[in-house]
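Undergrad: Show me how the following folds:
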Amino acid sequence: MPVYSMTGYASAQAAGAATAPATEGRAASTRRLGLEIRSVNSRFLDLAFRLPDELRALEPSLRSLLTSQIKRGKVEVRATLESTDTTSVPDPSPRLLQRLNAAQDTIRSWLPQATPLSVADVLRLSVHSGPAEEDWSPTALELAEQALAALLEARAQEGARLATMLQGHLAQLRSLAQQAVPLVPRLVEQQRQRFLERWKEAMGLTEGSSASPEAAQERALSEATAFAIRIDVAEEVTRLQSHLDEIERLLKKGGDIGKRLDFLIQELHREANTLGSKSAALELTRISVDMKVLIEQMREQVQNLE
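TA: This is a model prediction of the structure:
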């Protein structure tokens with residue numbers, strides 16, 4: 001399965017039947033339905049709909065369609081209905097004007113204080129008195145399916161780009177972990193020699209004391225052993241490599257892996273922190289810092305994955 005990003009955008013449009021016939025100097029007027037879907041990252045699936053009144057009843061169907069294909073992300077669906085003739089003004093028929101005038105006379109005979117109809121009122125009533133509104137439901141659902149397919153394609157392309165970047169970071173982290181492994185035995189041997197030198201110096205300063213040379217040497221070696229245990233990062237490197245293997249497996253598997261990857265990134269950061277706290281050399285500290293920089297970059301990328 002592909003790896004999906006939670007970020008994407010898609011749109012689709014369709015024209016309806018003519019709402020006004022063509023006349024001399026004016027093309028036929030039609031209405032156009034536009035539908036767009038945009039999504040950004042979110043911890044959960046959060047759907048929002050911006051629909052005109054004619055399409056309010058479609059919200060449950062649109063919600064069901066989206067939840068069947070999208071698992072995480074903040075998703076907004078926006079639909080608009082616009083006339084292709086933006087310069088036209090409703091042309092009320094004489095019969096409609098007669099009916100409006102008669103209705104106004106009747107109302108004002110009962111309510112003398114009623115405000116007379118304005119030109120804007122007449123034009124607005126003319127719009128609503130036209131032919132029956134077109135049923136946009138089938139067209140809207142078809143457009144939603146088209147836009148959703150395009151959105152999933154866009155999310156898959158962005159997800160593939162993020163997965164490639166994550167694979168590159170995994171390779172760099174593996175390289176840093178391999179650099180850390182041979183440093184520890186070298187540091188342990190250096191520290192062992194340092195403890196033995198301190199023991200020899202101490203024995204030269206404390207001749208005639210009750211402590212035997214063997215006991216002093218044993219103590220120095222015990223301190224060297226404790227130091228080796230304290231700075232041993234083999235366990236951290238092993239766990240880190242295990243997390244890297246799991247991340248790589250999930251990226252190859254695909255699907256909704258974002259939450260699991262986010263957890264693994266936290267574990268990687270914990271191991272890199274422990275590695276830094278055990279550091280007994282500048283080179284190990286540098287490796288730990290480089291690891292944390294890479295892991296932080298991975299965290300930002302993983303937070304965009306579904």
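
Undergrad: Show me where this protein has its helices.
TA: Counting by DSSP state H, one finds helices in the chain at the ranges 59-67, 94-110, 119-128, 137-180, 183-205, 213-231, 234-253, 258-277, 282-302.

Undergrad: Pretty sure residue 38 sits against residue 48.
TA: No. Counting by CB atoms under 8 Å, residue 38 does not reach residue 48; the two are 9.9 Å apart. Using the backbone N, CA and C atoms, a C-beta is placed for each residue, glycine as well.

Undergrad: These two: who's more crowded?
TA: residue 38 (19 against 10; other CB atoms under 10 Å).

Undergrad: From residue 2, how far off is the more buried one?
TA: 20 Å (CB to CB, to the nearest Å).

Undergrad: what do you get for residue 63?
TA: 24 Å.

Undergrad: cool, residue 170 as well?
TA: 18 Å.

Undergrad: These two: who's more crowded?
TA: Between residue 170 and residue 2, counted using other CB under 10 Å, the more crowded position is residue 170 (19 against 15).

Undergrad: Please name the nearest non-neighbouring residue to that one.
TA: residue 244 (5.4 Å; CB to CB, 6 or more residues apart in numbering).

Undergrad: again with residue 54
TA: Using CB to CB, 6+ apart, the closest residue to residue 54 is residue 136 (5.7 Å).

Undergrad: That neighbour contacts residue 33, correct?
TA: Yes. At 5.6 Å, residue 136 and residue 33 qualify as touching, with contact defined as CB under 8 Å.

Undergrad: Show me which of these two is the more surrounded one.
TA: Using other CB under 10 Å as the criterion, residue 136 and residue 33 rank with residue 33 on top: 22 against 19.

Undergrad: hmm, back to that, got any residues that touch both of residue 38 and residue 48?
TA: 75-76 (CB atoms under 8 Å, 6 or more residues apart in numbering).

Undergrad: rewinding a little: how many residues are close by the residue nearest to residue 170?
TA: By other CB under 10 Å, 18 other residues sit near residue 244.

Undergrad: What of residue 118?
TA: By other CB under 10 Å, the residues close to residue 118 number 9.

Undergrad: Okay, now the unreliable bits of the stretch 51-200 of the chain?
TA: Residue ranges of the stretch 51-200 of the chain with pLDDT under 70: 84-90, 127-133, 184, 187-192, 195-196, 198-200.

Undergrad: switch to 50 and redo it
TA: 132 (pLDDT under 50).

Undergrad: buried stuff in stretch 289-298?
TA: 290-292, 294-295, 298 (16 or more other CB atoms under 10 Å).

Undergrad: what residues are up against the closest residue to residue 155 other than its chain neighbours?
TA: Take residue 155 and drop its neighbours on the chain: the residue closest to it by CB to CB, 6+ apart is residue 8, 4.1 Å away. Applying CB under 8 Å, 6+ apart to residue 8 gives the contacts 37-39, 151-152, 154-155, 158.

Undergrad: Now render the residues you listed as CSV, adding distance to residue 13.
TA: Below are those laid out as CSV (distance: CB to CB, whole Å):
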residue, distance to residue 13
37, 13
38, 15
39, 19
151, 15
152, 19
154, 17
155, 21
158, 23
